[in-house]
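>>> coordinates for the following, if possible.
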Amino acid sequence: MFKLLETLVAVYETRSFSKAADQLFISQPTVSVHIKQLEKELGVQLFHRNGRTEFTPTQSGRLLYQKALHVLDEWQTLTDNLGQDNRINITIGVSQTSATVLLPQLFAQIGSEQFDTIDVKIEMHNSEEILTGVLNRRFDFGMIEKPITHEFIARDKVASDQLVLAGNLADNHWLVREKGSGVYHYTQQYFKQHEIVPRHALTVSNNDIIVRMLAQNFGKSIVSIQSLTPEIPYQTLPESFNRSFYMIRLSHENRAEHMKWYNQVVQTARQL
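Next up is the predicted model:
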């Protein structure tokens with residue numbers, strides 16, 4: 001039954017059988033079977049099907065979705081606690097700049113004693129991947145540097161950052177982060193404002209590699225001023241390139257201990 005409810009939640013939040021299948025790592029026909037099985041057992045229609053790909057929830061679907069969220073959260077809390085000596089497992093997806101700039105300061109400020117009953121797992125991804133991970137519950141929380149909005153995501157600003165144009169400014173080679181990263185969003189904004197169509201653009205999906213290349217006087221890039229080493233020259237940019245770091249979570253997250261830890265992280269980060 002839990003698998004069926006997880007499928008319902010994924011379809012409800014994505015409005016798509018194919019996207020739900022991607023989130024749950026199952027096939028699209030399996031998603032269809034799960035929804036049909038739920039509808040048969042409950043004797044109700046859960047989604048209106050408008051064509052082959054467009055789905056909207058019925059009143060019964062909206063009601064079951066709300067109930068399913070509470071059931072799944074309670075089940076997750078129970079399974080997390082069983083056999084774990086009441087330890088809490090928290091998985092966080094963090095973007096590359098926040099992982100190297102903000103996270104070390106944050107965890108040092110929180111203090112090691114706060115981790116006596118909590119096991120934290122950290123994975124580094126770009127902002128879009130983290131959003132997807134929080135939505136499909138791969139991550140409990142996320143730390144991103146892109147102003148993402150989503151109907152089912154709550155976002156809390158925790159810190160500020162300044163982007164600069166750094167490196168060999170006379171070099172025609174641009175070092176560009178991959179699509180989906182926060183810096184890519186701002187780099188494309190810079191290109192548009194200055195009507196730049198790069199002739200030589202290298203896509204590098206790692207911020208540390210970009211900084212190391214800049215330190216070798218190769219290329220130029222839009223990067224966080226906090227990630228630069230002293231020998232790398234840079235040029236400041238307008239205020240529109242001052243960005244924020246955000247903590248994100250599911251808007252319906254109601255696990256008490258998880259939310260307690262999340263709120264502590266947000267509060268501590270804002271005091272740095």
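
>>> can you show me the strands along the stretch 1-150 of the chain?
Secondary structure of the stretch 1-150 of the chain (DSSP state E, counting those that start in this stretch): strands located at 47-50, 54-57, 88-94, 118-124, 141-144.

>>> cool, and the stretch 151-272 of the chain?
Counting by DSSP E, counting those that start in this stretch, residue ranges of the strands within the stretch 151-272 of the chain are 153-167, 173-176, 200-203, 220-224, 234-236, 242-250.

>>> nearest to Lys40, of the ones you listed?
Relative to Lys40, the nearest member of the strands of the stretch 151-272 of the chain by CB to CB is strand 242-250, separated by 28.4 Å. Every residue, glycine included, has its C-beta placed from N, CA and C.

>>> where does the protein dip in pLDDT?
In the prediction, the chain carries residues with pLDDT under 70 at positions 51-53, 76-86, 114.

>>> ok, the residue sitting nearest the centre point of the chain - contacts?
The chain has Ile130 as the residue nearest its centroid, 2.4 Å off, counting by CA atoms, centre = their mean. When contacts are counted by CB atoms under 8 Å, 6 or more residues apart in numbering, Ile130 is found next to Gly93, Val94, Ser95, Phe139, Gly142, Met143, Ile144, Ile248.

>>> which of these lies closest to Leu169?
When the contacts of Ile130 are compared for distance to Leu169 (CB to CB), Ser95 comes out closest, at 25.6 Å.

>>> burial count for Arg270?
Neighbours of Arg270 under the rule other CB atoms under 10 Å: 12.

>>> what residues are up against it?
Shown in contact with Arg270 (CB under 8 Å, 6+ apart): Lys157, Val158, Ala159.

>>> just put those residues in a markdown table and tack on neighbour count and distance to Ala99.
Conversion of the contacts of Arg270 to a markdown table gives the following (neighbours: other CB atoms under 10 Å; distance: CB to CB, whole Å):
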| residue | neighbour count | distance to Ala99 |
| --- | --- | --- |
| Lys157 | 13 | 18 |
| Val158 | 21 | 14 |
| Ala159 | 20 | 13 |
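
>>> I'd guessed Ala269 sits against Phe141; true?
No: Ala269 is not in contact with Phe141 according to CB atoms under 8 Å; the separation is 11.9 Å.

>>> now the residue lying farthest from the centre of the chain: phi and psi?
In terms of distance from the mean C-alpha position of the chain, Gly43 ranks first, at 36.4 Å (CA atoms, centre = their mean). When read as degrees, to the nearest 10, the backbone of Gly43 gives phi 70, psi 30.

>>> distance of it from Ser60?
According to CB to CB, to the nearest Å, Gly43 stands 9 Å off from Ser60.

>>> common neighbours of these two, please.
Common contact partners of Gly43 and Ser60 (CB under 8 Å, 6+ apart): none.

>>> determine the set of other helices and strands touching the longest helix anywhere in the chain.
Taking DSSP state H as the criterion, the chain has its longest helix at helix 59-81. Judged by 3 or more CB pairs under 8 Å, 6 or more residues apart in numbering; DSSP states H and E, the packing partners of helix 59-81 are helix 2-14, helix 28-42, strand 88-94.

>>> sorry, back to before: which of the contacts of Ile130 sit farthest apart?
Among the contacts of Ile130, Ser95 and Phe139 lie farthest apart (CB to CB), at 11.8 Å.

>>> the more surrounded of these two?
Between Ser95 and Phe139, Ser95 has the larger neighbour count (other CB under 10 Å), namely 29 against 26.

>>> so the more buried one sits against Glu123, correct?
No: contact criterion CB under 8 Å: Ser95 and Glu123 do not qualify, at 10.7 Å.

>>> could you check how many residues crowd around Pro230?
Neighbour number of Pro230 under other CB under 10 Å is 5.

>>> who are the contact partners of it?
By CB under 8 Å, 6+ apart, Pro230 lies in contact with nothing.

>>> now it: how far from Asn168?
Using CB to CB, we find Pro230 at a distance of 16 Å from Asn168.

>>> how about Leu272?
Using CB to CB, one obtains 32 Å as the distance from Leu272 to Asn168.

>>> so between these two, which is more surrounded?
Neighbours per residue, other CB under 10 Å: of Leu272 and Asn168, the larger number sits with Asn168, 16 against 11.
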